[in-house]
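Participant: 3D model of this:
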Amino acid sequence: MDPNARRSSLLRPLSPLLSLPLSFLLSLSASTACRLYNIEKKLSPPYAEFISKVGHIITREERKIFLELPDDRKDEFIEEFWKRRDPDPDTEHNAFKDEYEERVQRAAMLFHGEGRPGWQTDRGRILILFGPPQERLTYPMEAGGNCREVWYYGSFPVIFLDEHCSGRYIMTAINLEHLQRLNIAQGHFQNTIQQEKRFFDYKVSVQRVRSEAGIFEGRVWVDVPYASIWFTFKEERLETVFELELALKDEAGRTVWDSRSAFPLTLEEEELKRQGDKIFRMDIPVVLDEDLDRLRAEKLTLHVSVKNTTEGGELKKALEFRLKS
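Facilitator: Down below sits the predicted model:
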């Protein structure tokens, strides 16, 4: 068989017999989803194992097609499933398939004690999608009775928490970068992530609201890009808290105003994905009503400290400005 012809056949879409229009898939009703669930429960052991082990990379469309096929066509689907992911169809072995199955076996061996197959655990998922971590740190029985693991891929960390040290680890800290990278890994099966970890950053600005002889009113805005925010999973929602400390000082270093506040942030995973390059704004009112004549003649410095409680990092900045009459 001509190699070029074989490559062409492997790269083509699924045949009409095996494919369904996307519009139909998007219109699936709850009853259809329930029907597919029931079909999956009745699969014979070999096909049930296949759909379970490829759960991290099979698409929704492929899963539906596979479940609705008669059993005498399922083996053909499985063969085509791996061919479509073969990085080099001209070689005898499918490197993608070999690597994926090896990682599934390794996850099964390492994480079998969580009451489900190791490849279905959070640690198993990350091992399969990203490969073995370059560094794995374990923290047994921390203060509060927690156990924790941190896996590093370059400077990119993935954090797992076992709240009761029972052996069941859940991926906890996450941000938009993680979600994007997990989606990339799930779609393209990347081996490692080398991108440097981005710590959260923010911008500070001061907005004058009212400035008269005996009073100055303003607002401090602290803007944090959603893409750099770290969250904790809690009851299927993403949560974090920002702790802010602000101090306005005169030229002699004396504090003329200060503020401490906390800004909780809670949202769904899909909400976070929709934020894109938007910012989370924290708004702090400022009121000065003493010694304004002197303060207006000086250059003031606003000292800002922002702490993201999930990531644990604290970033301090200073902004110089003058009050305006």
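
Participant: just the strands from the stretch 1-150 of the chain, written as ranges.
Facilitator: 135-139, 147-153 (DSSP state E, counting those that start in this stretch).

Participant: mean neighbour count, those: which tops it?
Facilitator: Among those, ranked by average contacts under mean count of other CB atoms under 10 Å, first place goes to strand 147-153 (a mean of 19). Just so you know, the C-beta spots here come from the backbone N, C-alpha and C atoms, and that holds for glycine as well.

Participant: could I get stretch 56-64 in CSV with only the CA atoms?
Facilitator: Only the C-alpha atoms of stretch 56-64 are listed here, as CSV (Å, rounded to 0.1, in the frame of the first residue of the first chain):
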residue,chain,number,x,y,z
HIS,A,56,-9.3,11.9,29.7
ILE,A,57,-8.9,12.3,25.9
ILE,A,58,-12.0,11.0,24.2
THR,A,59,-14.3,13.8,22.9
ARG,A,60,-18.0,14.0,23.7
GLU,A,61,-18.8,13.3,20.1
GLU,A,62,-16.5,10.2,20.0
ARG,A,63,-18.0,8.9,23.2
LYS,A,64,-21.5,9.1,21.9
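
Participant: how about that stretch: buried residues?
Facilitator: 56-58, 62, 64 (16 or more other CB atoms under 10 Å).

Participant: and stretch 222-241, by the same measure?
Facilitator: Buried residues in stretch 222-241, counted by 16+ other CB under 10 Å: 222, 224-233, 238, 240.

Participant: closest one to residue 93 among the strands of the stretch 1-150 of the chain?
Facilitator: Between residue 93 and the strands of the stretch 1-150 of the chain, the tightest spacing by CB to CB is seen for strand 147-153, at 25.7 Å.

Participant: by contact count, what packs against whichever helix or strand comes after the closest one?
Facilitator: Using DSSP states H and E, the helix or strand that follows strand 147-153 in sequence is strand 156-162. Counting contacts by 3 or more CB pairs under 8 Å, 6 or more residues apart in numbering; DSSP states H and E, strand 156-162 packs against helix 122-130, strand 147-153, strand 170-171.

Participant: nearest to residue 78, of those?
Facilitator: When the helices and strands packed on strand 156-162 are compared by CB to CB, helix 122-130 sits nearest residue 78, at 17.8 Å.

Participant: got the CA positions of that closest one in CSV?
Facilitator: Backbone C-alpha positions of helix 122-130 (Å, rounded to 0.1, in the frame of the first residue of the first chain) are rendered in CSV as follows:
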residue,chain,number,x,y,z
ASP,A,122,-7.0,13.5,40.2
ARG,A,123,-3.4,12.5,40.5
GLY,A,124,-3.8,9.8,37.9
ARG,A,125,-5.4,12.4,35.5
ILE,A,126,-2.4,14.7,35.9
LEU,A,127,0.1,11.9,35.5
ILE,A,128,-1.6,10.7,32.3
LEU,A,129,-2.0,14.1,30.7
PHE,A,130,1.3,15.7,31.8
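
Participant: measure how it sits relative to strand 135-139, angle-wise.
Facilitator: If you take axes from the mean of the first three to the mean of the last three CA atoms, to 10 degrees, helix 122-130 sits at 170 degrees to strand 135-139.

Participant: check which residues of helix 122-130 are buried.
Facilitator: Judged by neighbour count (16+ other CB under 10 Å), helix 122-130 contains these buried residues: 122-130.

Participant: report the angle between that helix and strand 147-153.
Facilitator: Going by the same axes, to 10 degrees, helix 122-130 makes 0 degrees with strand 147-153.

Participant: low-confidence regions, the stretch 1-150 of the chain specifically.
Facilitator: For the stretch 1-150 of the chain, the stretches with pLDDT under 70 are 1-32, 142-144.

Participant: do that again at 50, thanks
Facilitator: Low-confidence segments of the stretch 1-150 of the chain, defined by pLDDT under 50: 1-29.
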